[in-house]
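1. model this:
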Amino acid sequence: MESKIEILSTVKISFSDDLYKVVDSLNRTLKRENLMFGLALDEEDKEKAVFTIYRT
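-> Take a look at the predicted model:
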């Protein structure tokens with residue numbers, strides 16, 4: 001069985017120390033809907049974060 005992860009949306013936002021809490025809450029709440037959320041620092045601008053929504 002092959003697992004495919006599809007990117008639904010990606011957006012750059014201003015970084016905040018508490019963003020990970022939002023992403024964690026979304027992942028815990030919506031995993032039954034086959035959604036996954038990611039957060040990473042923008043490699044070019046460390047004051048920005050890249051928020052991504054995936055369908056698993």
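
2. report the central residue of the chain.
-> Closest residue to the average C-alpha location of the chain: residue 38 at 2.2 Å, with CA atoms, centre = their mean.

3. tell me which strands and helices the helix or strand hosting that residue is in contact with?
-> According to DSSP states H and E, residue 38 maps onto strand 35-41. Contacts defined by 3 or more CB pairs under 8 Å, 6 or more residues apart in numbering; DSSP states H and E place strand 35-41 against helix 19-30, strand 48-55. The way it works is simple: take the backbone N, C-alpha and C, and place the C-beta from them, glycine included.

4. which stretch among the ones you listed comes nearest residue 8?
-> Taking CB to CB, strand 48-55 is the member of these nearest to residue 8, at 4.5 Å.

5. partners of the closest one in the sheet?
-> Strand 48-55 pairs in its sheet with strand 6-14 (antiparallel), strand 35-41 (antiparallel), by DSSP bridges.

6. got the buried residues for that strand?
-> Buried residues in strand 48-55, defined by neighbour count with 16 or more other CB atoms under 10 Å: 49, 50, 51, 53.

7. so who does the residue lying closest to the first one once chain neighbours are set aside touch?
-> So the one you mean is residue 49. Ranked by CB to CB, 6 or more residues apart in numbering and with sequence neighbours excluded, the top spatial neighbour of residue 49 is residue 15, at 4.5 Å. Neighbouring residues of residue 15 by CB atoms under 8 Å, 6 or more residues apart in numbering: 41, 46, 47, 48, 49.

8. thanks a lot, catch you later.
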